[in-house]
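1. Below: sequence and its predicted model.
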Amino acid sequence: MLNPQVMVVGAGPAGMSAALAAADCGVKVLLVDFFSQPGGQLVKQTHKFFGSRGQYAGVRGIEIARILGEKVRTHPNIELLLDTQVLGYYPDGVLTMERTLDGESEYLKARPRRLVVCAGASEKPLAFPGNDLPGVYGAGAVQTLMNVHGVRPGRRAVMVGAGNIGLIISYQLRQAGVEVAAVVEAAPVIGGYAVHASKIRRLGIPILTSHSVKEAHGERELEGVTVWQVDERWQGIPGTERYFEADVLCLAVGLSPLGELLWQAGCRMAYVPELGGHVPWHDEHQQTSVPGIFVAGDAAGVEEASSAMVTGRIAGLAAAASLGMCPRYRELLAEARAQLEALRAGPPGEKIRRGLARLEEVARRAQAG
Amino acid sequence: MGPVAGQLRRTGLPAVEDLARVMPPEEVRRRGPVAIFECFERIPCDPCYWACKRGAVKPFRDINDLPEVDWERCNGCALCVAACPGLAIFVVHEGYTESTALIKLPYEFLPLPEVGQVVGALDREGTRVGEARVVRVQRPREKVGTPVLWIEVERDLAHVVRNVAVAGGEWGE
């Protein structure tokens, strides 16, 4: 049985920031991730990040992964377990894990004094005929194939979703030499940053708003995609069909927070569409309704890597403070909260602020009722 | 958002009014190369401020603010062009020669063109509107930086061309 003072699940930007913040306070941290390298989504983000200096603005995601990864690997207070999948949270406060090393499986258990869940989020699926054909991918998977493994997913792609993920990965597909026939977006406007949209328009990639995928075609693998216009109720309009030859169909239609461990731990959860789905209620210290269990990053609400680094830092500091190991907590918390507010101050942050307000409302009603 | 969202939000293409708002004054453009920030949306972002060594980008009160340029200080060195995460900044020298303009643009594709190479000149929709001659290829100091291409185009394309098509690249020619 491992008995770390703080256990952090997930070594993405939130988890690494949480682990480093707690470790810098002298806390012994166990940082666990199911992948073979730390970094989470950062390991495939070849584009430059936004935000401010404190969150590595202007630096490529892969570089941020390398910088933070190096820090967590070498910090004397952090034990980093890779290739380790956390399996569950048990009522006695024990977490079970499976670690794979050289093809051998090892079953581990840990009973941390404090837990920080930074499990991130996963791609939402989309249902349409043919969606199970080889060649239909979650956009994140295409990004991993190209940017982590150097493998082209195909020759010609159609992208579904014009949020930041759909726009950025369309750009990266072109960088890898894959043609992008079109980006389709069901909403009447482009959801992602205008600069990302402008970048792919300069490449000649059309962005079809108020359009969605009708059907994916192919015998044994994807050969083509039919898209059509959709109305205000997201219903396809017959007669507006357009066919694109394609062997890759990427779905970038949103992320859903991964909250399994939090459900298992009995955290009060709420469904908040603005945050991507079910999220745990949490206070300004990133602590959930279960004392000693903290949440940060996309698992707390789908946002950005820059915010993940800050919410992770807050959770790590708060976990350390709750163990009496962070004398400057008030000051450091105020600093981090100010950074978070700055990140969330503009129009893109409006959705997050609405979501967090709704989360408070839902939690308040649940407590009253 | 009004009853109909603006062109930029609907198509990814800036409207004429957007471009007019960021265009440097004529007397500034006449003096030499100057940076044009095709940045129209309030998002949390400020690397341009940190990149400029001449203090030509005014300090951000709020990192969601749009960048403001001090035209007296900007000399078109293009450090901001390489730094911008949105690849949204272009340096334009309208009077490069009697008949041609020089554009410095960010380019993150392989192969990088060679100096002297003639490449396709593309507008904001990726439509080929002419040709451009590569004057210089600024490779970044760090391997992960953004290369900046200096291209020479016909003068009346100075504010139209914002991308290139390189032969041997994945566009193919």
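-> In hand now; what should we look at? Nothing here was measured: the structure is a model prediction, and the numbers come from that model.
2. Identify the structural domains in chain B and state their residue ranges.
-> According to automatic domain parsing, chain B comprises the domains B:1-93, B:96-173.
3. Any buried residues in the longest strand anywhere in chain B, and which?
-> For chain B, the longest strand by residue count, based on DSSP state E, is strand B:128-138. Of the residues in strand B:128-138, B:128-129, B:131-135, B:137-138 count as buried by neighbour count, 16 or more other Cβ atoms under 10 Å in any protein chain shown. C-beta coordinates here come from the backbone N, C-alpha and C atoms, glycine included.
4. buried sites along stretch A:259-274?
-> A:259-262, A:265, A:267, A:269-270, A:272, A:274.
5. Return the subset of those lying in helices.
-> Among the buried residues of stretch A:259-274, the members falling in helices are A:260-262 (criterion: DSSP state H).
6. and A:Gly312, what is it in contact with?
-> A:13-18, A:21, A:116, A:118, A:296-297 (Cβ atoms under 8 Å, 6 or more residues apart in numbering or on different chains).
7. Out of these, which sit inside strands?
-> Within the contacts of A:Gly312, membership in strands is found for A:Val116, as judged by DSSP E.
8. Redo the contacts of A:Gly312 as JSON lines? Include distance to B:Ala78.
-> Shown next, in JSON lines, are the contacts of A:Gly312 (distance: Cβ to Cβ, whole Å):
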{"residue": "A:Pro13", "distance to B:Ala78": "30"}
{"residue": "A:Ala14", "distance to B:Ala78": "35"}
{"residue": "A:Gly15", "distance to B:Ala78": "37"}
{"residue": "A:Met16", "distance to B:Ala78": "33"}
{"residue": "A:Ser17", "distance to B:Ala78": "33"}
{"residue": "A:Ala18", "distance to B:Ala78": "38"}
{"residue": "A:Ala21", "distance to B:Ala78": "37"}
{"residue": "A:Val116", "distance to B:Ala78": "42"}
{"residue": "A:Cys118", "distance to B:Ala78": "38"}
{"residue": "A:Ala296", "distance to B:Ala78": "38"}
{"residue": "A:Gly297", "distance to B:Ala78": "35"}
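9. I'd like the domain boundaries of chain A, if you could list them.
-> Following automatic domain parsing, one gets these domains for chain A: A:6-122+A:255-368, A:125-251.
10. how long is the first one end to end?
-> Start-to-end span of domain A:6-122+A:255-368 (Cα to Cα, to the nearest Å) is 32 Å.
11. give me the number of residues near A:Trp281?
-> By the measure other Cβ atoms under 10 Å in any protein chain shown, the count of residues near A:Trp281 is 22.
12. ok, of the buried residues of strand B:128-138, which one's closest to chain A?
-> Distance from chain A was checked for each of the buried residues of strand B:128-138 by Cβ to the nearest Cβ. The minimum falls on B:Arg128, at 8.8 Å.
13. doesn't B:Val119 make contact with the closest one?
-> No. Because the distance of 10.0 Å does not satisfy Cβ atoms under 8 Å, B:Arg128 is recorded as not touching B:Val119.
14. which residues are in contact with both of the two?
-> With contacts defined as Cβ under 8 Å, 6+ apart, the residues shared by B:Arg128 and B:Val119 are B:Ala165.
15. Give the residue spans of chain A that score low on pLDDT.
-> Scanning chain A for pLDDT under 70 picks out A:369.
16. Now do the contacts for the residue lying farthest from the centre of it.
-> Of all residues in chain A, A:Gly239 sits farthest from the chain's C-alpha centroid, using Cα atoms, centre = their mean; the distance is 37.0 Å. Contact analysis of A:Gly239 by Cβ under 8 Å, 6+ apart lists nothing.
17. next one: the one 4 residues further on
-> Contacts of A:Tyr243 were listed using Cβ under 8 Å, 6+ apart, and they are A:224-226.
18. Pull out the buried positions in stretch B:109-119.
-> B:109, B:112-113, B:117, B:119.
19. Stretch A:323-334 too?
-> Residues of stretch A:323-334 classed as buried: A:323, A:325-326, A:329, A:332-333 (neighbour count, 16+ other Cβ under 10 Å).
20. So what touches it?
-> Under the criterion Cβ under 8 Å, 6+ apart, residues A:5-6, A:25-27, A:113-114, A:284-285, A:314, A:317-318, A:320-321 lie in contact with stretch A:323-334.
21. List just the nearest of the residues you listed to chain B.
-> The shortest gap between chain B and any of those belongs to A:Ile314, at 17.3 Å (Cβ to the nearest Cβ).
22. Now distance to A:Gly93 too, for the buried residues of stretch A:259-274, in TSV please.
-> Formatted as TSV, the buried residues of stretch A:259-274 follow (distance: Cβ to Cβ, whole Å):
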residue	distance to A:Gly93
A:Gly259	18
A:Glu260	16
A:Leu261	12
A:Leu262	14
A:Ala265	9
A:Cys267	13
A:Met269	19
A:Ala270	23
A:Val272	27
A:Glu274	31
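23. tell me the secondary structure for A:His196?
-> Taken by DSSP: H, G, I helix; E, B strand; the rest coil, the conformation at A:His196 corresponds to helix.
24. Quick one: neighbours of it, just the number.
-> Neighbour count of A:His196, defined by other Cβ under 10 Å: 25.
25. how near is it to A:Arg53?
-> When Cβ to Cβ, to the nearest Å is applied, the distance between A:His196 and A:Arg53 equals 21 Å.
26. Spatially central residue for chain B, please.
-> The centre of chain B sits closest to B:Phe90, judged by Cα atoms, centre = their mean, with a distance of 1.6 Å.
27. What residues does that one make contact with?
-> Contacts were defined as Cβ under 8 Å, 6+ apart; by that measure B:Phe90 touches B:35-36, B:38, B:81, B:103-105, B:162.
28. Buried residues of the helix or strand it falls within, list them for me.
-> With the criterion set as DSSP states H and E, the secondary-structure element containing B:Phe90 is strand B:89-93. Within strand B:89-93, the residues that qualify as buried by neighbour count (16+ other Cβ under 10 Å) are B:89-93.
29. how about the helices in the chain?
-> Defaulting to chain A. Shown for chain A, the helices assigned by DSSP H span residues A:13-24, A:61-74, A:139-147, A:164-175, A:194-201, A:260-264, A:305-322, A:329-343, A:347-368.
30. was after chain B, sorry
-> Counting by DSSP H, the helices of chain B are B:7-11, B:16-22, B:26-31, B:47-51, B:79-83.
31. Would you mind measuring from A:Lys335 to chain B?
-> No, residue A:335 isn't Lys; it's Glu. Distance from A:Glu335 to chain B, counting by Cβ to the nearest Cβ, to the nearest Å: 15 Å.
32. Report how many residues lie close to that residue.
-> Considering only other Cβ under 10 Å, A:Glu335 is surrounded by 16 other residues.
33. what do you get for A:Thr74?
-> Around A:Thr74 there are 9 other residues, counting by other Cβ under 10 Å.
34. follow-up on the earlier one: the buried residues of stretch A:259-274: which two are farthest apart?
-> Farthest pair in those (Cβ to Cβ) is A:Ala265 and A:Glu274. Separation: 23.5 Å.
35. Where does the stretch 201-350 of chain A get nearest to chain B, residue-wise?
-> Minimum separation of the stretch 201-350 of chain A from chain B (Cβ to the nearest Cβ) falls at A:Gly204, amounting to 2.6 Å.
36. Spit out the contact partners of that residue.
-> Applying Cβ under 8 Å, 6+ apart, one finds that A:Gly204 lies in contact with B:122, B:125-127.
37. Make JSON lines from those and add distance to B:Ala51 to it.
-> As requested, the contacts of A:Gly204 are arranged in JSON lines below (distance: Cβ to Cβ, whole Å):
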{"residue": "B:Leu122", "distance to B:Ala51": "25"}
{"residue": "B:Glu125", "distance to B:Ala51": "28"}
{"residue": "B:Gly126", "distance to B:Ala51": "27"}
{"residue": "B:Thr127", "distance to B:Ala51": "30"}
